[in-house]
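# one predicted model, sequence on top.
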Amino acid sequence: MDVRERIQALADQVVALRDAYYRGSPSVADAEYDAIEDELRSLIAANPELAPDPNPLEQVGAPAVLHAPVRHSRPMLSLEKATKAEQVAAFFDRFPGQPVVVMPKLDGLSLAIVFEDGRLARAITRGDGTTGDDVTELVRALVDGVPARVDAPGRVEVRGEAMMLRSTFAAYNAAHADKPLINPRNAAAGTLRAKDPATVAERRLLFLAFELSTDAETDTADDLETGLVALGFTVADMRHCADAEAAIAVIAEIESRRNDLDYDLDGAVLRLADRGAYAAAGTRSNSPRGALAYKFAAEEKTTVLSDVVWDVGKTGKIAPVAWLEPVFVGGTTVTRATLANQEVIRAKGIRIGDTVLVRRAGDVIPFVAGVLDESKRTGDEREIVPPVTCPSCGQALVEQGNSRELFCTNVSCPAQTVRRLIHWASRAAADIEAVGGVWIERLAEAGLLERPSDFYRLTAEQLLEFDRIGEVSAARMIESIEASRTVGLRRALIGLAIPMASEGTAARLCRAGFGSLEEVAEAGEERLVAVEDIGPKVAASITEHLGRLRPELARLREAGVSLDVLEEDLPPVVSSDAPLAGKTVVITGGISDPRSGEKIPRPTFQRMCEKAGATASGSVSGSTDMLITGTDVGAAKLTKAEKHGVEVVDQGVVWQMLIAAGLA
Ligand SMILES: NC(=O)c1ccc[n+]([C@@H]2O[C@H](COP(=O)([O-])OP(=O)(O)OC[C@H]3O[C@@H](n4cnc5c(N)ncnc54)[C@H](O)[C@@H]3O)[C@@H](O)[C@H]2O)c1
Ligand SMILES: [Zn+2]
């Protein structure tokens with residue numbers, strides 16, 4: 001194929017892929033689409049005379065199907081892309097002396113919100129950049145962060161991104177396993193295409209603002225962020241940077257914090273902070289000159305599903321694991337991903353041999369989001385058939401719940417035994433660091449390990465029988481096991497892998513006054529449900545399983561393993577004049593000691609607040625009294641705090657209280 005043909009083929013592909021994407025059913029991952037655009041861009045740059053006409057790279061979006069078309073006051077453009085530090089430096093060089101803000105490039109859906117004489121008049125999607133869809137009613141009903149009124153006369157237009165939070169996305173998919181959403185961006189776009197807000201009520205969105213334009217006579221701040229905040233908007237997290245070096249540092253920081261946020265971002269945006277300067281910089285055919293997008297590594301890619309293996313877990317659950325052709329996604333090479341359960345596989349229509357979309361975003365385990373383009377099928381794909389017997393012990397499996405999860409109920413199933421032993425030795429439990437999973441498996445095969453208490457009977461002599469264990473490693477293993485005898489109530493309970501009992505459950509039992517694992521085993525369901533956040537199902541599971549494990553608890557005790565509550569797991573002793581007495585607090589952002597500037601891990605700071613009488617909770621809700629903010633606080637948390645009328649207090653104020661009370 002000559003260059004002319006290649007350019008035409010790529011241009012056709014770009015048009016077709018955009019069309020599918022803007023209709024809501026992308027056929028490739030964004031990273032793959034971007035690669036096609038990049039190739040086309042560089043071929044055209046090298047052969048400008050061969051540029052196709054029209055050139056899709058000079059157009060925005062796609063002529064989407066519009067229900068209620070509205071023309072934009074000014075085009076809604078794309079952004080120029082950068083991937084290198086030099087490009088950031090070149091941007092600063094173009095605008096000497098101009099202040100620049102750096103903010104996350106939010107991976108949602110752009111909206112223009114128009115106010116007339118203070119009232120919300122219209123909300124419009126980007127569409128093809130010139131004409132978008134009127135989605136005012138949907139925005140009023142479903143999008144947080146768009147005020148119904150602003151205190152400004154004339155015409156005010158605010159642009160920004162409508163985002164589905166990752167937590168909303170996960171909750172929706174958990175509740176609708178039969179019809180899962182593929183990713184938050186697509187979900188946001190789909191929400192604003194709905195005919196009736198009631199049908200998508202569980203798919204709330206959050207609007208984060210990043211652009212402001214007003215009539216000449218309207219007196220608002222020159223600084224973009226100040227202007228948006230004054231109008232009452234939640235603003236994309238903007239940071240002023242004086243030079244390229246500072247901007248590059250902020251970009252790196254945004255990328256490193258990417259996993260801590262509750263929304264997807266696919267890069268960072270640099271933009272002139274002064275509204276007048278941004279407007280004066282003007283535009284190219286499809287992007288503003290006063291902004292630049294720095295792209296990060298993709299969190300979604302497509303790859304081939306080469307097989308599905310059914311894995312036996314520590315509670316006997318048999319879960320499908322996707323074996324993938326290696327793919328670089330979310331910063332690492334992924335070869336395995338979860339497929340949840342047989343109902344999810346069925347709902348998504350996945351087959352072995354399919355090209356699947358793999359997502360690894362935030363702290364979640366990589367998972368197969370679905371099949372994007374069924375037309376890629378060759379006919380050689382195979383159906384995924386769930387097993388009827390346990391792959392480890394051969395016992396017939398039982399199905400549980402709506403998602404028809406499969407379980408092996410054989411208590412002496414070898415695969416489960418090994419998983420439980422590995423779990424006992426894991427960091428969150430007994431933390432037997434020197435005995436890894438492979439050795440646990442060998443020791444179990446050799447008949448030396450069957451239950452947690454067996455670890456404490458192992459001798460160096462027994463270990464030395466194994467080919468690849470020498471004196472030094474045998475001694476290390478024994479020492480590591482020895483040290484784990486002080487495991488205590490909380491971590492022992494975690495280590496015993498009681499179904500439905502989480503790490504939080506174990507912590508709450510300790511704080512509720514239980515002194516030992518035996519006491520929990522004897523408590524009975526009634527006493528257990530009295531503990532905060534422990535429901536009847538969890539209580540029943542604890543009672544049943546700890547009852548069955550009574551002989552094992554006795555063996556652990558006999559081996560000198562502590563199953564008593566440890567001082568570190570008890571609630572701190574609070575004096576009556578404690579400065580935060582009775583307050584429920586949420587801590588967010590980076591924490592550092594104002595006296596030394598030293599970074600303080602959040603659990604350490606939380607512990608100090610608890611000593612000052614506070615009860616710490618993980619998320620802002622109606623029962624929160626105070627949101628304690630450190631550095632780089634996400635906009636979503638602040639919006640939520642505002643919504644619930646929660647007092648927002650800077651960490652500095654709390655540090656002063658803690659220091660004055662002698663608690664820090
Ligand atoms: N998978 C596919 O087949 C396919 C097809 C077409 C497009 N796409 C994807 O769609 C995306 C759209 O590309 P594009 O060129 O239209 O948009 P872009 O990547 O150039 O970004 C422009 C958009 O970024 C948004 N944005 C987010 N945060 C912002 C901020 N802080 N400041 C300013 N703008 C901000 C705005 O909504 C703006 O419309 C790309 O990520 C591309 O990969 C995918
Ligand atoms: Zn089994």
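Perfect, I can see it now. Worth saying up front: this structure is predicted, and the values here are computed from it rather than measured. Ligands and ions are numbered 1, 2, ... in the order given.
# which ones are touching Arg555?
Arg451, Ser453 (Cβ atoms under 8 Å, 6 or more residues apart in numbering). C-betas here are computed from N, CA, C, even on glycine.
# on the three-state scheme, it is what?
helix (DSSP: H, G, I helix; E, B strand; the rest coil).
# please enumerate the strands of the stretch 101-250 of the chain.
109-116, 119-125, 131-133, 143-144, 155-163, 205-214, 239-241 (DSSP state E, counting those that start in this stretch).
# reformat those into JSON lines and put mean neighbour count and mean pLDDT next to each item.
Shown next, in JSON lines, are the strands of the stretch 101-250 of the chain (neighbours: other Cβ atoms under 10 Å; pLDDT from 0 to 100):
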{"stretch": "strand 109-116", "mean neighbour count": "22", "mean pLDDT": "97"}
{"stretch": "strand 119-125", "mean neighbour count": "20", "mean pLDDT": "97"}
{"stretch": "strand 131-133", "mean neighbour count": "21", "mean pLDDT": "94"}
{"stretch": "strand 143-144", "mean neighbour count": "19", "mean pLDDT": "96"}
{"stretch": "strand 155-163", "mean neighbour count": "24", "mean pLDDT": "97"}
{"stretch": "strand 205-214", "mean neighbour count": "23", "mean pLDDT": "96"}
{"stretch": "strand 239-241", "mean neighbour count": "18", "mean pLDDT": "94"}
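# counting neighbours, what do you get for the residue lying closest to Pro571 once chain neighbours are set aside?
The shortest distance from Pro571 to any non-neighbouring residue, by Cβ to Cβ, 6 or more residues apart in numbering, is to Arg511 (4.8 Å). Close neighbours of Arg511, defined as other Cβ atoms under 10 Å, add up to 17.
# which ones are touching Arg511?
Asp569, Leu570, Pro571.
# which stretches of this protein have low pLDDT?
Scanning the chain for pLDDT under 70 picks out the ranges 63-65.
# near ligand 1, which residues of it show up?
Counting by Cβ under 6 Å from any ligand atom, the residues of the chain close to ligand 1 are 17-18, 21, 26, 28-30, 33-34, 60-61, 78-79, 103, 105-106, 110, 126, 161, 210, 236, 266, 269, 293.
# now the buried members of these.
17-18, 21, 26, 28-30, 33, 60-61, 78-79, 103, 105-106, 110, 126, 161, 210, 236, 266, 269, 293 (16 or more other Cβ atoms under 10 Å).
# most remote residue from this structure's center?
Centroid-distance maximum for the chain: Glu461 at 46.7 Å, with Cα atoms, centre = their mean.
# and the helix or strand in which that one is found, what's buried?
According to DSSP states H and E, Glu461 maps onto helix 460-464. Within helix 460-464, the residues scored as buried using 16+ other Cβ under 10 Å are Leu463.
# can you count the residues close to the closest residue to ligand 2 within the stretch 51-200 of the chain?
Using Cβ to the ion, the single residue of the stretch 51-200 of the chain nearest to ligand 2 is Ala177, 24.7 Å away. The number of residues packed near Ala177 is 16, by other Cβ under 10 Å.
# that one and Glu343 touch, don't they?
Yes. With contacts counted by Cβ atoms under 8 Å, Ala177 reaches Glu343, the gap being 5.7 Å.
# need the residues touching each of these two.
With Cβ under 8 Å, 6+ apart as the test, Ala177 and Glu343 both reach Asn402, Ser403.
# which helix runs longest in the protein?
helix 3-22 (DSSP state H).
# buried stuff in it?
Buried residues in helix 3-22 (16+ other Cβ under 10 Å): Ile7, Leu10, Ala11, Gln13, Val14, Leu17, Arg18, Ala20, Tyr21, Tyr22.
# just stretch 290-310 next, same as before
For stretch 290-310, by 16+ other Cβ under 10 Å, it's 290-303, 305, 308, 310.
# wait, does that stretch contact ligand 2?
No. Using Cβ under 5 Å from the ion, stretch 290-310 stays clear of ligand 2, with a minimum separation of 10.7 Å.
# between the two ends of that stretch, how far is it?
Length of stretch 290-310, first residue to last, Cα to Cα, to the nearest Å: 52 Å.
# same deal with stretch 50-57?
Start-to-end, stretch 50-57 (Cα to Cα) is 13 Å.
# repeat that for stretch 202-220.
End-to-end for stretch 202-220, by Cα to Cα: 36 Å.
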